[in-house]
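**Q** I'd like to go over a predicted model; first the sequence, then the structure.
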Amino acid sequence: MAKRLEDHSFEPGIIYELRACINDEWHPFYVGETSRPERRETEHRALSKFDNTRVVYDFIRRLDAESVEWRLFSVAEYGAEGPKDQEDEHIMRCILDGVNLMNMRKGDHHWLAAKQAQAADMSAHGFTSYRKYREWQSELEMEKVRKQNDLRRFVSKTLEPIKKAQKDEKAKKQQKNHNKIKQLRALILDFENDANRQGFVRQLRDELADLEREVEANYD
C-alpha cells in the first residue's frame with residue numbers, strides 16, 4: 001500500500017506482478033502495489049503459510065506444493081505523486097489480455113468479477129485505457145443527471161400553471177364555503193327560536209356541519 005508522508009507526498013514505490021514459472025515462461029497471477037518491494041515478496045511468502053482468506057495465498061500454496069517457482073516482478077514505478085490509478089489500470093490491462101488473476105480487494109470475492117465485467121464492457125466499447133473508460137462512464141453519468149434535471153425542470157414548468165389554477169380554484173371554493181357558512185349561521189340565528197321552523201333549522205345545522213367538515217379537511 002502506498003505510504004503517504006508528512007508533507008502529503010508519497011514514498012516512491014512500484015506496481016508489481018507475482019508471476020509463476022510454468023513451462024519456462026513467467027505467467028502473472030497477481031497485481032499489487034508497494035513502497036517496499038524488497039520486503040513485499042517475503043511478506044507474500046510468509047502470509048501464504050497461514051492466510052486462508054485470500055485466493056492468492058491458496059494459489060501460492062498450490063504452487064509451492066508442486067515446487068513451481070514464483071517471484072515478484074516490477075512492472076511500473078511511481079514517485080512522490082503516488083500510484084494514482086496505476087494498479088487498477090494494470091489489473092484491467094491484464095484482464096483484457098486474458099490473464100487469470102487472483103486479486104481480491106479487502107477480502108471481497110466479488111471484486112474481481114466486477115472488474116472482469118468492466119473489462120468486458122471496456123472491450124465492447126473499444127477502450128484500452130481504464131482511466132479513459134472511467135472518464136467516459138463519468139460523462140455518461142453526468143449526462144444522465146443533466147437529462148434528469150432537464151426533465152424535472154420541464155415537468156415543473158409544465159405543471160406550474162396547472163398547480164396554480166388548481167390552487168386558485170381551491171381558494172375560490174374555500175371562500176365560497178366560508179361565505180356559505182356565514183349565511184347558514186345567520187339563518188340559524190334568525191330561526192332557532194321559531195318553534196314552527198325547527199325542522200328547517202335542523203337541516204341548516206346539518207348543512208353547516210357538512211360544510212365545516214369539508215373546510216377542515218381541505219386545510220389538512
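**A** Perfect, thanks for sending it. Computed from a prediction, not measured in an experiment: that's the story for all the values here. Numbering: from 1, shown residues only.

**Q** Report the buried residues of the strand or helix carrying E43.
**A** Assessed by DSSP states H and E, E43 sits inside helix 37-47. Using 16 or more other C-beta atoms under 10 Å as the test for burial, helix 37-47 gives P37, R40, E41, H44. No exception for glycine: its C-beta is placed from N, CA and C like everyone else's.

**Q** right, and out of those, which lies closest to D108?
**A** Taking C-beta to C-beta as the measure, D108 lies nearest H44 of the buried residues of helix 37-47, at 19.0 Å.

**Q** residues touching that closest one, list them.
**A** Residues near H44 by C-beta atoms under 8 Å, 6 or more residues apart in numbering: L18, V56, Y57, I60, L72.

**Q** I'd like the distance between it and I15.
**A** 15 Å (C-beta to C-beta, to the nearest Å).

**Q** again, but for K157
**A** For K157, the distance to I15 (C-beta to C-beta) stands at 51 Å.

**Q** okay, the two: which has more neighbours?
**A** Counted by other C-beta atoms under 10 Å, K157 and I15 do not tie: I15 has more neighbours, with 21 against 9.

**Q** would you say the more buried one is within a strand?
**A** Yes - I15 sits within a strand when classified using DSSP: H, G, I helix; E, B strand; the rest coil.

**Q** Correct me if wrong: it contacts G82.
**A** No - using C-beta atoms under 8 Å, I15 makes no contact with G82, being 11.5 Å away.

**Q** pLDDT below threshold where in the protein?
**A** Residue ranges of the chain with pLDDT under 70: 1-6, 106-107, 219-220.

**Q** Run through the helices of it in chain order.
**A** For the chain, the helices defined by DSSP state H occupy 37-47, 55-65, 86-96, 111-124, 130-191, 198-219.

**Q** could you list every residue that touches the closest residue to L96 other than its chain neighbours?
**A** Nearest residue to L96 in three dimensions, chain neighbours excluded: A119, at 5.3 Å (C-beta to C-beta, 6 or more residues apart in numbering). By C-beta under 8 Å, 6+ apart, the contact set of A119 is M92, I95, L96.

**Q** Leaving out the residues flanking it, which one is nearest to the first one?
**A** So that's M92. Nearest residue to M92, sequence neighbours excluded (C-beta to C-beta, 6+ apart): Y130, at 4.0 Å.

**Q** What count of nearby residues applies to that neighbour?
**A** Quick note: Y130 (other C-beta under 10 Å) scores 22 neighbours.

**Q** still on that earlier bit, okay if I get the buried residues of helix 37-47 as a markdown table plus distance to R213?
**A** Listed next are those as a markdown table, based on distance: C-beta to C-beta, whole Å:
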| residue | distance to R213 |
| --- | --- |
| P37 | 81 |
| R40 | 78 |
| E41 | 82 |
| H44 | 77 |
